[in-house]
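Undergrad: the following block contains a protein sequence and its predicted model.
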Amino acid sequence: MDGKLSPFNPGAGTVPPVLSGRNDTREEVRICIDRLLNGRHANGQLLVGLRGVGKTVLLERLLYDAEQQGAITVHLEAPEVKSLPASIAPAIRIALLRINQVQMAKDAVVRGLRALSGFVAGLRVKYGDIEVGLDYPPEPGLADCGDLELDLCTLLVEAGRAARLARTALVIFIDEFQGMPQQQLSSLLYALHRCTQHQLPIMLVAAGLPPLIKKVGDAKSYAERMFEIHDIGPLADIDARNAIAIPAEREGVLISSDALDEIVAQTGAYPYFLQQWGKLAWRAANESPITYEHVRQISTSAIEALDKNFYRLRFQRLTFLERRYLRVMAEIGAGPHDVNTVAKQFGEPAEVTEPIREALVAKGMLHESLIGETEFSVPRFHEFLKRIMPELTPADAA
C-alpha cells in the first residue's frame, strides 16, 4: 500500500497516531494540575523508562493536556543543550507575560519580571549562555546575588505568586532529566520545595532514564517526598495491539489477529518498535488486510532498520573497551548483571573494569538497577550487540 498514507512513523519524540496505554499517567497528572488550580498541593511527577518507550511523546501530551486545563506551561530544552539558567530564564519570561493578561496579577508579574532581570544579571558571568530579552530593570536585592540556588528560588517564588493571583498554575516540563548537572538539579529542587512551602501553584513534570531516581534522591534528602514516579515501559498486550490496529482501521485497513500477535511478539510491545513494524508491514501489503505473512516478510527489514536508525548511532559513540564490555554483558544475557560477574567474564578485576562501566553509565548506555547490578538502558540492546559483534574474542570469552 502507498507509504504516504501510512499512519505509522517511527521517530524520536514523534507523536504516534494513537497514544495507547498511558491513560493512568495522564489521569494522575490531570488530577495534580486540578489540585493546583484549586489551591491545593500536588507532588511533582517523574516519568522513568528506557529509550524507545515513548517518554518524550507522553511528556508532550501531558503538556498539551495541562494547557487545555488552563495551566501555564514551561518546556525546557534537554540539559546537554543549555544550562538550566539559560533554559529557564526565557521560558519564565514567556510564562510571566502570559500571566500578565490577567488584570489582578499585573503587579505580581512586573515584580516577577524584575526578579528575572536580577536573575540574569547575577548569573550571566557564571552562565555565559543566558540570552533573554528583559522587560524591566532589576530591583536591587531581588534574585541578583549570583547564587543559583537562592536566585532561582526567588524567581520561581515570584512567578508562583503571580500564577496564584491569576488563578492558574505554572507547570514545568523537562525531558532527559537525568542529564541535568547535579548542582543545577539541586538548585531546582530547592526552589520547587520552597514554592511548596509557600503553597504556590508550581509543579515539575520530568522524564528521563532510570538513573534520574537516584540522582534526584542524591541531590536533596527530601526529594523522595516531592515526586510520584511513573514507570514507563512496554505496553500491555491489548494496548500494543490497539496502537497498531486502531490507526490502521481509521485508514480503512484491517490487520489480522495473528499478524498483530506476531508484531507484538517481535517488538516486545515497545512503542518505537511497534511503529517501525507497522510502517513496514503497511508497505508490504498490496491491499487490506495486513496478514501474518506480511509481518513475517518484513521481519528482517524491520530489524535492520532498528539497527541502523535506533541502535547504531549509540554504538558509534562508544570506545573499543566500552563496546567490548557491553558485548560481554550481552553474552551473559539481557540482565540485570552483577558487576563482579561481568568483570570476571571480561577477564579483569572489577576495579579495572569499573571506570569502563562508569563511562557507560555517564553516556546513558547502562544504569544501576540495584547496588552492584547494572542493566542496559536501551531495550534489547544485547540482541543488537550479538548481531553487530557476532563473535567474542578469546580475551572476551576468558
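TA: Alright, I've got the coordinates.

Undergrad: could you pull up the residues touching the residue lying closest to Gly141 once chain neighbours are set aside?
TA: Nearest residue to Gly141, sequence neighbours excluded (CB to CB, 6 or more residues apart in numbering): Gly118, at 7.9 Å. For the C-beta atoms, the positions are set from N, CA and C on the backbone; glycine is no exception. Each residue near Gly118 by CB atoms under 8 Å, 6 or more residues apart in numbering is listed here: 138-144, 151, 154.

Undergrad: what sits up against the helix or strand of the chain with the lowest mean pLDDT?
TA: Across the helices and strands of the chain, mean confidence by mean pLDDT, DSSP states H and E is lowest for strand 366-370: a mean of 82. Applying CB under 8 Å, 6+ apart, the contact partners of strand 366-370 are 209-211, 214, 326, 335-336, 357, 360-361, 374-377.

Undergrad: among the residues you listed, name the buried ones.
TA: Buried by 16 or more other CB atoms under 10 Å: 209-211, 326, 335-336, 357, 360-361, 374-377, out of those.

Undergrad: sort these by pLDDT and name the bottom one.
TA: For the buried ones among the contacts of strand 366-370, the weakest pLDDT value sits at Gly335, with 82.

Undergrad: low-confidence regions, this protein specifically.
TA: 13, 392-398 (pLDDT under 70).

Undergrad: break it down into its domains, please.
TA: Following automatic domain parsing, one finds the domains of the chain at 3-13+235-312, 23-231, 317-388.

Undergrad: quote the end-to-end distance of the first one.
TA: Right, domain 3-13+235-312. 25 Å (CA to CA, to the nearest Å).

Undergrad: distance from it to the middle of the chain?
TA: 23 Å (CA atoms, centre = their mean, to the nearest Å).

Undergrad: dump the residue contacts of Ala284.
TA: By CB under 8 Å, 6+ apart, Ala284 lies in contact with 290, 294-295, 297-298.

Undergrad: surely Ala86 meets Arg124?
TA: No: with contact defined as CB atoms under 8 Å, Ala86 does not reach Arg124; the gap is 9.7 Å.

Undergrad: comparing the two, which residue is more hemmed in?
TA: Comparing Ala86 with Arg124 by other CB atoms under 10 Å, the one with more neighbours is Ala86, at 21 against 17.

Undergrad: wait, a strand at that one?
TA: No: looking at Ala86 with DSSP: H, G, I helix; E, B strand; the rest coil, it is helix, so not inside a strand.

Undergrad: count of neighbours near the residue nearest to it when sequence neighbours are not counted?
TA: In space, and not counting its chain neighbours, Ala86 is closest to Asp129: 4.2 Å by CB to CB, 6+ apart. The number of residues packed around Asp129, counting by other CB under 10 Å, is 11.

Undergrad: quick check: the gap between Asp129 and Ile88.
TA: 12 Å (CB to CB, to the nearest Å).

Undergrad: re the thing from before, tell me which of the buried ones among the contacts of strand 366-370 is nearest to Asp24?
TA: Pro210 (19.3 Å; CB to CB).

Undergrad: that closest one - nearest residue in space that isn't next to it in sequence?
TA: Distance criterion CB to CB, 6+ apart; nearest residue to Pro210, sequence neighbours excluded, is His367 at 4.5 Å.

Undergrad: sorry, back to before: which SSE is immediately downstream of the least confident helix or strand of the chain?
TA: For strand 366-370, the succeeding helix or strand toward the C-terminus, using DSSP states H and E, is strand 373-376.

Undergrad: in contact with the closest residue in space to Ile88 that isn't next to it in sequence, which residues?
TA: Closest residue to Ile88 apart from its sequence neighbours, by CB to CB, 6+ apart: Leu76 at 6.1 Å. When contacts are counted by CB under 8 Å, 6+ apart, Leu76 touches 84, 87-88, 91, 172-175.
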